[in-house]
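> here is a sequence together with a model predicted from it:
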Amino acid sequence: KVYNNPSALERSLLYDYIVVGAGTAGNVIATRLTEDPQVSVLLLEAGVSNVDAFNTTVPLLAPTLSVPGSRYDWNYAISPQPGLSGRSFPYPRGKLLGGSSSVNYMTYSHGSSDDWNRFAQVTEDDGWKWDNMKRYIYKNEKLVPPTDGHNTTGQFEPRKHGFYGTLRDSLPGFPTPLDERIIRTTKQLPNEFPYIGDTSGGDILGIGWKLSTIANGTRSSSVTDYLNLAIDRPNLDIVINAHVTKLLNTALSGHIPIFRSVQFTENEEAQVRTAIAKKEVILCAGSFGTPMILQRSGIGERVALESLGIETIIDKRSVGRNLSDHVGRTTIYSVLSNDTFDDILRSPDKFQVELSNWTQNKTGPLGAALSNHVGWLRLPQNSSIFETVPDPAAGLRSSHFEFLFSSYYTGSPIPPSRHFMSVRANLISPTSRGSVSISSSNPFANPIINPNYLNTSFDIFALVEAVKTARRFINSDSWIGFVEEEYGSSEDAKTDAEIEKLIRDTAGSVFHAVGTAAMSSKNARWGVVDPSLLVKGANGLRIVDASVLPFVPNAHTQGPVYLLAERAADLIKNK
Ligand SMILES: Cc1cc2nc3c(=O)[nH]c(=O)nc-3n(C[C@H](O)[C@H](O)[C@H](O)COP(=O)(O)OP(=O)(O)OC[C@H]3O[C@@H](n4cnc5c(N)ncnc54)[C@H](O)[C@@H]3O)c2cc1C
């Protein structure tokens, strides 16, 4: 049952498990745990319901969900970034049922086999190895035919995919004029841009067709495909508009702190309620929400907590640190084609036509993925940077940068005329690390988020090379007669120094923050949770969300979070 606010909850607030955050991971956990009718779960979500959030269902409208001021977003912003010419900008996080899986851009990937093997290595837990984790793909993924029903032979390898899992995904469901040219480029320049077709299955390097969490032209998310299965179970209570303010330590003094009490409220004026978990509290509030709740509960770096007047219960410096994220730059080209999405996005009349087409049939460009292809690529082994810096990639089967190709002007506002394509180059193996911390003891105050982008010589080197490599891709013969010019003043940036300045002036986040409550081996002094995701030094408290990933993977992060949550559900059930 879904309760609209904390005061609507009548029954005694005692459950086996309390899950904080009905986002990507939280909904997997709540759904899996309540498969056992004997187990009771309270799921607390600060945001609203997804039910009337129409734009969450229409794939091409995804970017509208995160515009500043959106009621589906936390409306956070990052602090001014020295590595980005002092700029600061909004950093979206979903605030509704489904969390970021309800607002994200739906790219679906799982990371490289190296990523998972490195998680296993740093945690000294083979359970995180790729060979063990890949089974959760079959549990999570339900690959369905693309919306336009085209023949997908050669676009994916069935052995790499799940067809009977829970979350529906699909190959691109609407063709773009870029598709054929991208494939042709891989044939013309196979050494630099090998065609792999399917970049899933841990074996990611190359250019291939991109999967998205879209089924029948509609977004699938952790609420549509997981929580909706469990929503009517009598052993699950879901409360929306329930902002968790802090956890309470209920241990006797001198004993290991026990965090099985959760305080939550609708807003600053409303009554604060307290619920108790008989077994565990599971924090799934995301890479910002989770460390913020820990800090407000006295789990964090003593000096920082004391400066805010918060009593330290567990002095843990790693809480909120080690933030790593993907950062990238989009190069926009004007193109000689009327078949891009630009006209639909800038002309209300054309948009209305497509909207009624989508409403009636779920077909057409509004049900399309934001890009149809992805490329995961490495710097050459003899790059000069490796003379001074060790290769930070997760392994030799992992990338340093990624390309995404979109058939429209991805900036805002779209120019009133002409047609465009956008080529995004993202840094995938960053060495810069940032932090997130509460700014006050007020649970409703926004945090200080400092991703510390492009703060190392490797990061700026790799992104400059990525932007140059993207230009080589588009300057190949396949694009003659289609690409008009690099749009705007960016084409004036020719030297490495000029491209570096361009990147620092214009790059942005891919919104893949991880690592702020990282998992580490049982005895490691750094990190926040042990390999079973239990908070070190506490009793009854576990974390399952993007914050526990110690490195940002070779993936858009929802896929790894789904796999992580599926394994965590097994760990909890088998405890
Ligand atoms: C705009 C955008 C685009 C993205 N695009 C992609 C993409 O295309 N592909 C991809 O793979 N990844 C993408 N990502 C990233 C991906 O969606 C996230 O990494 C992933 O969903 C994180 O899952 P999570 O469970 O850690 O957190 P979330 O899904 O964000 O869940 C956290 C939940 O906790 C709730 N919460 C937080 N604090 C509290 C509190 N105090 N009390 C109660 N509830 C609380 C939140 O409201 C939210 O529902 C994107 C993210 C964004 C924001």
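Cool, got the structure. Residues are numbered from 1 along each chain as shown.

> surely Asn50 meets Leu96?
Yes: applying CB atoms under 8 Å, one finds Asn50 in contact with Leu96, separated by 5.3 Å. Any C-beta I mention is one placed from the backbone N, CA and C, and that applies to glycine too.

> between the two, which contacts overlap?
Counting by CB atoms under 8 Å, 6 or more residues apart in numbering, the residues touching both Asn50 and Leu96 are 56, 102.

> mind checking the end-to-end distance for stretch 311-324?
Using CA to CA, to the nearest Å, one end of stretch 311-324 lies 28 Å from the other.

> residues from the stretch 51-200 of the chain in reach of the ligand?
When proximity is defined as CB under 6 Å from any ligand atom, the stretch 51-200 of the chain approaches the ligand at 66, 92-95, 99-101, 103-107.

> next, give me the two most distant ones among the residues you listed.
Using CB to CB, the pair of these lying farthest apart is Lys95 and Thr107, separated by 20.6 Å.

> so for these two, which residue has more residues nearby?
The residue with the greater number of neighbours, taking Lys95 and Thr107 and applying other CB atoms under 10 Å, is Lys95; the counts read 25 against 22.

> now do the contacts for the more buried one.
If you count contacts by CB under 8 Å, 6+ apart, Lys95 has them with 46-48, 71-74.

> and for Lys501?
Contact partners of Lys501, counting by CB under 8 Å, 6+ apart, are 85, 493.

> separation between it and the ligand?
When CB to the nearest ligand atom, to the nearest Å is applied, the distance between Lys501 and the ligand equals 27 Å.

> can you tell me the average pLDDT over the helix or strand harbouring Arg542?
Secondary structure from DSSP states H and E places Arg542 in strand 541-543. Confidence over strand 541-543 (mean pLDDT, whole number) is 98.

> list the contacts of it.
Residues outside strand 541-543 that contact it (CB under 8 Å, 6+ apart): 247, 259-260, 280-284, 290, 517, 528-529, 532-535, 568, 572.

> how deep is the residue of the chain at minimum distance from the ligand tucked in, by neighbour count?
In the chain, no residue comes nearer to the ligand than Gly23, which is 1.8 Å away by CB to the nearest ligand atom. The burial metric for Gly23, expressed as a neighbour count using other CB under 10 Å, is 34.

> cool, Pro177 as well?
16.

> before we move on, what about Arg168?
Counted with other CB under 10 Å, the neighbours of Arg168 add up to 20.

> now it, nearest residue through space, not along the chain?
Ala215 (3.6 Å; CB to CB, 6 or more residues apart in numbering).

> isn't the one you found up against Leu167?
No: the pair Ala215 and Leu167 does not pass the contact test of CB under 8 Å, sitting 9.1 Å apart.

> now that we have the residues of the stretch 51-200 of the chain next to the ligand, which one has the most neighbours?
The most neighbours, when these are compared by other CB under 10 Å, belong to Gly99, which has 34 neighbours.

> check contacts around the nearest residue to that residue once chain neighbours are set aside.
With CB to CB, 6+ apart as the measure, Gly23 is the residue that lies nearest to Gly99, at 2.1 Å, once sequence neighbours are left out. Contacts of Gly23 were listed using CB under 8 Å, 6+ apart, and they are 45, 94, 98-101, 222, 284-286, 545.

> now with 6 Å, please.
If you count contacts by CB atoms under 6 Å, 6 or more residues apart in numbering, Gly23 has them with 99-100, 286.

> and if you look at Ile385?
The contact partners of Ile385, by CB under 6 Å, 6+ apart, come to 458, 461.

> just Thr363 next, same as before
With CB under 6 Å, 6+ apart, Thr363 has these contacts: Gly217.

> in the stretch 351-500 of the chain, which spans are strands?
Remark: strands assigned in the stretch 351-500 of the chain by DSSP state E, counting those that start in this stretch are 373-377, 401-406, 419-427, 435-437, 448-450, 483-486.

> list of residues touching the fourth one?
Counting contacts by CB under 6 Å, 6+ apart, the residues outside strand 435-437 that touch it are 288, 291, 320-321, 323, 447-450, 516.

> and of the contacts of Gly23, the nearest to Arg378?
Minimum distance to Arg378 across these is 28.1 Å, recorded for Ser100 (CB to CB).

> isn't that closest one right next to Gly94, touching?
Yes: here Ser100 reaches Gly94: they are 4.0 Å apart, a contact under CB atoms under 6 Å.

> thinking again about what came up before, just the buried residues out of the contacts of strand 435-437, in ChimeraX syntax.
Restricted to buried positions by 16 or more other CB atoms under 10 Å, the ChimeraX selection for the contacts of strand 435-437 reads:
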select :288,291,320,321,323,447,449,450,516
